[in-house]
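Asks: With the input below, show me the fold.
(2 chains)
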Amino acid sequence: MNNLAKLADYFATYPFVRYAFVVGLLIALCASLLGVTLVLKRFSFIGDGLSHVAFGAMAVAAVTGLTNKMIIVLPVTVLSAILLLRTGQNTKIKGDAAVAMISVGALAVGYMLMNVFPSSSNITGDVCSTLFGSTSILTLRKSDVALCVVMAVIVLLMFLLFYHKIFAVTFDESFAQASGINANGYNLLIAVITSMIIVLAMNLVGSLLISALIIFPALSAMRLFRSFRSVIICSAVISVICAGAGIILSILFSTPVGSTIVVSDMAVFFLFSLIARCKGGRHA
Amino acid sequence: MKKTYFFAAAAAFLLLTACGNTQTVDQLSAQNGDSAAQVQADAPASGEAVSNGEYDVDLTQLNSNMIYAQVYDMLENTEKYTGQTVRVQGTFNYYQDPTSKREYFAALVSDATACCAQGIEFVRKDEAHYPEDYPEQGTPIEISGTFYTYTEENQVFIELHDATMTVL
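Replies: Sure, this is the predicted structure:
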C-alpha cells in the first residue's frame, strides 16, 4: 500500500487521526497569528516561559487529583502571561529576566511536585509526555477536540476583531497610547490569547517545543515579506502546512509528532532564508 | 496497591495514566464500584478499528505511533471492542502479585518517543506455566485473543482471553 492510500485509510478508519488533524491545524493557525506580534514585540521566548508555567500548573493539578486539569492550568497560565507582558517594562526585573525566572522556577516546582507526589508510577513517562507532547495529539477525545475548536474560534475572533489595535500596540505602544488606544488593555488581550494558545499547544508539541510553533512561521514569513498583513498571512499558511505535514509524516513513519512538526518549520525557515538571500531581500 | 507496581515501570494501568489524557483511569474507576475482580462479557459492538477478515482488530500492520494510539483508544472505549478478536505485537512482560500470587502476563507497546508504553494483558488458552512456557521478559511476541475487560480494586483493565502467543 502506498503512503497516500495508507493515509487515506487511516483517515477513514481511525477517528483519533481525524481529531489530531483538526486540533493540530487549529493550534498551528492560532500560534502563527500571535507569533508575529510576539516576535515583533521582542517576546519570542514568552511561549517557552509560559509553557513551563503550564507544566508546573499541570503538575499541581495532577497532584491534587483534578479530573479537569484546565481548571488550574488555564487561569495560572493566563495570570503569568499578564504578569510577564504587562510588567515587563516597568519593574526591577526586566522582561527577559522575568520570563527566565518564572520559566525555570515553574519547571522546577512542577518536576519536584511530580516526584514528591506522583500521580502515577511512571513519572518519566508523565514528564516526557508533558515536555515533548509524545503522542498526546493522537489520544484526543471528542470533548478535547470540541474544547480546542471553541478556544481556537475565540482566539481567531479576538484577533480579527482587534486586528488594527493589535497592529498599533505591536509596532509603537507609546504612540498607540497617545492616540487614545488602551495599550494596556490590548497587551492584556495579547497575554490572554498567548496563554490560551500555549495551553492548547501543549497537546500538540509539548511544553518544550511550543516556542518553535510560535516563532518559526513568523520568522520564515519575515524573510520574504515586509507588511504586517502579508507576514501574518504567510506565517499562518506556513504554520498550517508544516503542522499538517508534520502530523502526516509522524503518522506514516512513526516519528515523534511534536519534533516532526518543528523540524518541518525549521526546514521552511531555512528554505525561505535561502530564497531571500537569492533574491537579495531581507536577511535580518 | 498491589497493581500499582504491576510490571514495574510500564505495565498496563500505570501507562493509562502515564501519557496522553490522564483522565482515563479516573473515568474508568468511576464507572466501576466493584473491587473484586470480575470479567465483563458484554456483547461485541461494531468497532472502527482495522479488520483483516481473520481478526476484528489487527494491530500488527500498524507502526508504533498508530499502535499506541489505537491501544489507547481501546482503553478509552472498552465497550466498543469487548468480544472482538485482537492481534498485537509487543514485548513480553510478567508480574506476580506477592500477596495473592496471581500472575499477570502482558505485551507492551511503546510510542515513537519511547517514553510512553501501554500494555495488553493476556491469558493463554493452552496450559502454560511461567517461566518454562514463556520467553524472557522484553522478548518480542505476538498475541492474538478475544478482548475483554475486568475490574480489580476499582480499576478497569483490558485483557485478551483465549490468547495464543508466538515468540517473534
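Asks: Lowest-scoring secondary structure element of chain A by mean pLDDT?
Replies: helix A:123-132 (a mean of 65; mean pLDDT, DSSP states H and E).
Asks: pretty sure residue B:97 contacts residue B:104?
Replies: Yes - taking C-beta atoms under 8 Å as the definition, residue B:97 is a contact partner of residue B:104 at 7.4 Å. (Each C-beta comes from the backbone N, C-alpha and C, glycine too.)
Asks: Those two: who's more crowded?
Replies: residue B:104 (20 against 14; other C-beta atoms under 10 Å in any protein chain shown).
Asks: Mind telling me what element the more buried one is part of?
Replies: strand B:103-110 (DSSP states H and E).
Asks: In that strand, which residues are buried?
Replies: For strand B:103-110, a neighbour-count test (16 or more other C-beta atoms under 10 Å in any protein chain shown) marks B:104, B:105, B:106, B:107, B:108, B:109, B:110 as buried.
Asks: between these, which is nearest chain A?
Replies: Using C-beta to the nearest C-beta, residue B:110 comes nearest to chain A of these, at 9.8 Å.
Asks: Please verify my assumption that the closest one contacts residue B:68.
Replies: Yes - under the criterion of C-beta under 8 Å, residue B:110 makes contact with residue B:68 at 7.0 Å.
Asks: So which bits of the following helix or strand past the least confident helix or strand of chain A are buried?
Replies: Downstream of helix A:123-132, the next assigned helix or strand under DSSP H and E is helix A:142-161. Neighbour counts over helix A:142-161 (16+ other C-beta under 10 Å) mark A:144, A:145, A:147, A:148, A:151, A:152, A:155, A:158, A:159 as buried.
Asks: And the contacts of helix A:142-161?
Replies: A:19, A:22-23, A:26-27, A:29-30, A:33-34, A:70, A:140, A:166, A:189, A:193, A:196-197, A:200, A:203, B:21 (C-beta atoms under 8 Å, 6 or more residues apart in numbering or on different chains).
Asks: Quick check: next helix or strand after that helix?
Replies: helix A:163-171.
Asks: Hmm, residue A:108 and residue A:55 touching each other?
Replies: No - taking contacts as C-beta under 8 Å, residue A:55 lies outside contact range of residue A:108: 10.2 Å.
Asks: Between these two, which is the more surrounded one?
Replies: For residue A:55 and residue A:108, the more surrounded residue by other C-beta under 10 Å is residue A:55, and the numbers stand at 25 against 12.
Asks: From chain B, how far out is the more buried one?
Replies: From residue A:55 across to chain B, the span is 14 Å (C-beta to the nearest C-beta, to the nearest Å).
Asks: Doesn't that residue belong to a strand?
Replies: No - going by DSSP: H, G, I helix; E, B strand; the rest coil, the assignment for residue A:55 is helix, not a strand.
Asks: Show the pLDDT at it.
Replies: Here, the pLDDT recorded for residue A:55 equals 83.
Asks: After the longest helix seen in chain B, which helix or strand is next?
Replies: The longest helix of chain B (DSSP state H) is helix B:64-76. Next helix or strand after helix B:64-76 toward the C-terminus (DSSP H and E): helix B:78-81.
Asks: Which neighbouring elements make contact with that next one?
Replies: Counting by 3 or more C-beta pairs under 8 Å, 6 or more residues apart in numbering or on different chains; DSSP states H and E, the packing neighbours recorded for helix B:78-81 are strand B:140-152.
Asks: mind listing what residue A:198 touches?
Replies: Taking C-beta under 8 Å, 6+ apart as the contact definition, residue A:198 lies against A:47, A:50, A:51, A:54, A:77, A:81, A:210.
Asks: out of those residues, what pair is the most spread apart?
Replies: By the measure C-beta to C-beta, A:81 and A:210 form the most distant pair in the contacts of residue A:198, at 12.6 Å.
Asks: list residues touching both of the two?
Replies: Between them, residue A:81 and residue A:210 share these contacting residues under C-beta under 8 Å, 6+ apart: A:50, A:198.
Asks: now the contacts of residue A:198: which count as buried?
Replies: For the contacts of residue A:198, buried by 16+ other C-beta under 10 Å: A:47, A:50, A:51, A:54, A:77, A:81, A:210.
Asks: Turn the residues you listed into TSV, including secondary structure.
Replies: Formatted as TSV, the buried ones among the contacts of residue A:198 follow (three-state DSSP):
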residue	secondary structure
A:47	helix
A:50	helix
A:51	helix
A:54	helix
A:77	helix
A:81	helix
A:210	helix
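Asks: Restricting to C-alpha, output stretch B:56-63 in CSV.
Replies: Extracted C-alpha coordinates of stretch B:56-63, given in CSV (Å, rounded to 0.1, in the frame of the first residue of the first chain):
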residue,chain,number,x,y,z
ASP,B,56,-11.5,-7.8,14.1
VAL,B,57,-8.6,-5.6,15.2
ASP,B,58,-5.2,-6.4,13.7
LEU,B,59,-2.5,-4.1,15.1
THR,B,60,0.4,-5.9,13.5
GLN,B,61,0.1,-3.9,10.3
LEU,B,62,0.5,-0.5,12.1
ASN,B,63,3.6,1.4,13.1
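Asks: No further questions, thank you.
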